[in-house]
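Asker: Sequence below, structure please.
(2 chains)
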Amino acid sequence: MTQRKKTYSGRPVFIVDGSRTPFLKAGGKPGPFSASDLALQAARPLLARQPFAATELDEVILGCVMPGPDEANIARVTALRLGCGDSVPAWTVQRNCASGMQAVDSAARNIADGLSDLVLAGGTESMSHAPVLLNQAMVAWLGGWYRARSFGTRVQALSQLRLGHLKPVIGLLRGLSDPLVGLSMGQTAENIAYRLDIDRTQMDTFALESHRRLAQAQDDGHLHEIETIYDTSGHCYSHDTGLRRDTEMARLAALKPVFDRKYGKVTAGNSAQVTDGAAWLLLASDKAVQTHQLTVLGRLVDSQWAGVDPAQMGFGPVHAMTPIMKRHRLKLDDVDYWEINEAFAAQVLACLAAWNSDSYCRNELGLKEAVGELDQARLNVDGGGVSIGHPVGASGARIILHLMHVLERNDAKRGMASLCIGGGQGGAVLVERGVA
Amino acid sequence: MTDSPDNGPNDDNLPQSIDASLPLQHWRLQTDDDNIVWLHLSVADSGANVLSRPVLNELDQCLDEIEKQSARALIIASDKGSGFIAGADIREFTRFNDEQQAFEQIRKAQNIFDRLAALRCPSVAIIHGFCLGGGTELALACRYRVALDEPSTRIGLPEVRLGIHPGFGGSVRLPPLIGALAAMDMMLTGRSLSARAAAKLGLINDAAPARHLLHAARTLALTAPEPTTPSWLKRLPGHGFLRPLVAPILRRRVRARARAEHYPAPYALIDLWQRYADQPNTMMVEEARSVAHLMQGDTAQNLIRLFFLQEQLKSLGRRVNFKATRVHVIGAGAMGGDIAAWCALRGLHTTLQDQTPERVAPAIKRAFALFQKKLKQPRLVQAAMDRLLPDTPGHGLANADVVIEAIFENLEAKQKLFRDIEGRMRPDAILATNTSSIPLEQMGQNLMHPDRLVGLHFFNPVAKMQLVEVVCGHNTGTETVDRAAAFTRQIDRLPLMVRSTPGFLVNRVLMPYLLEAVTLLQEGVPADVIDAAAVKFGMPVGPIELADTVGLDVCLSVAEILAQQLGGTVPEPLRKQVQDGRFGRKSGAGFFKYDKKGPIKPKSRKDYQPPADIEDRLILRLLNEAQACLREGVVSETDLVDAGLVFGTGFAPFRGGPLHYAEHRGVDALLQTFERLRQRYGERFKPDIGWTSPSPSAPMDRQADG
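Answerer: Residues are numbered from 1 along each chain as shown, chains lettered A, B, ... in the order given. This is a model prediction of the structure:
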């Protein structure tokens, strides 16, 4: 791996503020909010408390994996709904599970390069609204039906309709499967758990701890990044709904594997939950910070994207984080807090095991020896995807936002946020508190 | 350059033309290369086009010219941004000496429209914005009509709302064009249509976006297609054999909304149609005769009076040029939540603050229901929802042009709130309170700038009640009052300046009327009999049902405050109901029981003989309090008292307002009735001294010019 210079080499990139919706567990039918509804409701209070108007933003960047059919370029749809006005450009990014992180990275690059001064960037996903599609045979049949004008041709067309035509394509399941290696994301997690020998008990213990940490964070009021959102039937939502305070090992152990049903270890209980949610960061150049007298949470220092075998996509974080560690000559203890998105308990554990393995680090990361053992007390301190949920487009922005709040709360300096990406990639960003 | 939707059709791309050498003030006549005559109307010295006599006379001259030129086609359009034509000049309606003169004038206008209709060349009206009354009738006299497909386009024949019916041939031309049922529905309800709805009915040939409007008109003018006719099914009810069967159905439908003795116009229209629908020429004459007759009646004169009173209230909102873009409402209860929703509906960015999200959530639900009902299109509903921001931290306060306080009625709580927020508000923002009972002077005691505190007293339900009392305390600044009134207009409500005295105008005048009803109840008169008497007088609902609707707890608290400040007693049954937790409609039961549809009124015994003086007892107490308010200068002039009570309480509109009604009934006769009731029922019927010494004692000078 050749060493390159850090990503944001120009002007400093400041994180001014951020917000997110509570993450709402999908309940098998479309939830009350579309992806742009979520993005809108998270951003409105965030913008309302700023000393500048929404029209003064330079651009809006939003990550989303599966926007609804009425949400083409969902970033622009959301920006206009937010009242940013006609003249603020907006664009949507898609890098699967890292779409929200991609938005933040793209915003940061533009600020560093002097192209923008004030950018709203984030991610959103309404997984409960994921489209259900007609299969190709049905689409072909419909094409014929619309062309059939006369009674005879219509009868003929009807006679060709088969029950199989009505079998829907579940967009969410397709989206969470790798089209090239033919594995679901859960199966790729099974792969890496097998490779680094992560057992079911370890996974369930990790999952249990994730719920415990989220419960603790809720009780201690550490989630003030959440904005209450409102539906149209008189309900409001202020908390992540995936939390199960009553979870215990025995219950987790009783769950059946969902991806490799017969022999697998990955269950619904130790995987990230299917959820709806959105998260935003407000990024600024020093010029914007001065112009609008903004207070600053911290800085985005560096970022890295990496590619790995799609069948082992869960290793993505170590491949993205390692070059950053090298560039900045950091050891594990130099980073105060870590957020590694919990797509699967197995996948986070495999990442930690990989860094702790001489052979993995030598053969796959080009290091001389193992990086070492990451202290789990400083990783995902307030829970993660397993308990909070993982609305795919939003999580990348959420972990950076939350990391900033964790650093602030503990008066710590440096943090790393990273996630694995379906299709075999990893993404990571290094942040620091303070102005310089 | 794009054309903004509320501007008239853009004629930049019209061929330059020869100006006809007519000395015209209101119309502009141009002939283009295709020999199409374009007739543009822009009434001089007026914001909107109205068809006054001079405007019609000029149209007559223009028609001479068009006939002389043997034009290929005629296209009529308005150059006003506000719309096509808002109607006939209502001012002229009040100036006729007698029925005969009115009849002759109407016939003259009809003849001009007949000339237009009889032109040999095709004629097209291009409609945008308001196209009402005489404007619609002018368009109907053209062979074709096209309208701008925008929400601002409203096409209708609202004459019944003025106590008359269409008189420039509308009742003759509309039924054959769109079918009798649709036509009668439009004319009997007075409701207006969007461009799309009008196109669907066949009232216009096409609804087109601005980019195609002129092209659509030219195409019709040049191709002159066969005029459209309604389907046989729609023509059927207008057939001579069926009209005697259809007319009673129409009458029954009207009766559900308006009594014939109160509102004769819709019944006259049905008669006209039933008798003459087969004979257009006769019908035209009879239409004029009927309108001339109605116009001289009390109902029409009073409704026309109300029209001008409404204009007067509107003008109160035009004293300063103030336009709010952001509103912050504090308190998401029934009033605060609905005020916020209304503001968002009217296009303002609105933040709604309360202590917890759980308190705000129900208001958001109600707002969504309101937007769906009013806006219908999901796109517009979403935009309105996006403008309404639940704001528990109160971020909106710092940017708001108008801050409206609508928390519970408690002096200390309000004073504390004001202390908290004053420093965070913009220095030029208005601070408004929706209080109905606490004097502004006390509330604003601790303010650094008490001059910007003003009352904006909305009525429940906010989406239905047009009036907003703009309450002026001793310290309220003139600029603040004028801005508050302008804001009220901006959200399409009617402002009325009132002095900060107990109950202001509306609640104060309503209360004796409601309490008298409770007293009657106490005496054993059945509730439905009491309500029926008020409805027979012309009230939209009876006092018992009104009290239940307002909320008996609210009534009781207002009644007690007023009794404390102004004397009088609160009847026991009211207190009893509130003690028993029967708050009226909102709790499912008050004096009546309520289900989803409304009150369940038990019918009183058939042989029950109600006392003869119920109506007088109810109405005279209301009149007396209205007179007291005038005398004390709560409102500065008689007309404004009447306007406030008609638009704020629904006081029998066809009677022209309580003080106007009193005058009509005769003050001497009224005083005699007062005396009779006083002897029988006591001092609460003592006539106010204002009846005999009329001259407002403490008018607010600045309203004298209003």
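Asker: other SSEs contacting the lowest-mean-pLDDT helix or strand in chain A?
Answerer: For chain A, counting by mean pLDDT, DSSP states H and E, helix A:171-175 ranks last in confidence among helices and strands (a mean of 83). The contact analysis (3 or more CB pairs under 8 Å, 6 or more residues apart in numbering or on different chains; DSSP states H and E) places helix A:171-175 against no helix or strand. C-betas here are computed from N, CA, C, even on glycine.
Asker: ok, then the element right after it?
Answerer: Remark: after helix A:171-175, the chain's next helix or strand is strand A:177-178, criterion DSSP states H and E.
Asker: what helices or strands is that next one leaning on?
Answerer: strand A:183-184, helix A:185-195.
Asker: and the longest one, how far from the chain's centre?
Answerer: What separates the centre of helix A:185-195 from the centre of its chain is 19 Å, taken as CA atoms, centre = their mean, to the nearest Å.
Asker: pLDDT of it, averaged?
Answerer: Summarised as a single mean, pLDDT over helix A:185-195 is 96.
Asker: Please save the CA atoms from that helix in CSV.
Answerer: Taking C-alpha atoms only, helix A:185-195 is exported to CSV below (Å, rounded to 0.1, in the frame of the first residue of the first chain):
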residue,chain,number,x,y,z
MET,A,185,-24.6,-9.2,4.0
GLY,A,186,-25.2,-11.6,6.9
GLN,A,187,-23.5,-14.4,5.0
THR,A,188,-20.4,-12.2,4.5
ALA,A,189,-20.4,-11.7,8.3
GLU,A,190,-20.6,-15.5,8.8
ASN,A,191,-17.5,-15.7,6.5
ILE,A,192,-15.3,-13.4,8.5
ALA,A,193,-16.5,-14.9,11.8
TYR,A,194,-15.4,-18.3,10.5
ARG,A,195,-12.1,-16.9,9.3
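Asker: Buried residues in it, which are they?
Answerer: A:185-193, A:195 (16 or more other CB atoms under 10 Å in any protein chain shown).
Asker: Of these, which is the nearest to chain B?
Answerer: Nearest to chain B, judged by CB to the nearest CB, of these is residue A:185 at 33.0 Å.
Asker: for that closest one, what are its contacts?
Answerer: By CB atoms under 8 Å, 6 or more residues apart in numbering or on different chains, the contact list for residue A:185 reads A:176-178, A:259, A:313, A:343-344, A:422.
Asker: run the last query once more with 6 Å
Answerer: Residue A:185 makes contact with A:176, A:422, according to CB atoms under 6 Å, 6 or more residues apart in numbering or on different chains.
Asker: got it, and residue B:199?
Answerer: B:206-207.
Asker: Can you point out the helix or strand that includes it?
Answerer: Element membership for residue B:199 (DSSP H and E) is helix B:195-201.
Asker: strands paired with the helix or strand following that helix, and their directions?
Answerer: The C-terminal neighbour of helix B:195-201 among helices and strands, as given by DSSP H and E, is strand B:206-208. Note on strand B:206-208: by DSSP bridges, its sheet partners are strand B:144-148 (parallel).
Asker: neighbours around residue B:387, how many?
Answerer: The number of residues packed near residue B:387 is 23, by other CB atoms under 10 Å in any protein chain shown.
Asker: Quick one: residues contacting it.
Answerer: Counted by CB under 6 Å, 6+ apart, residue B:387 has contacts B:344, B:349.
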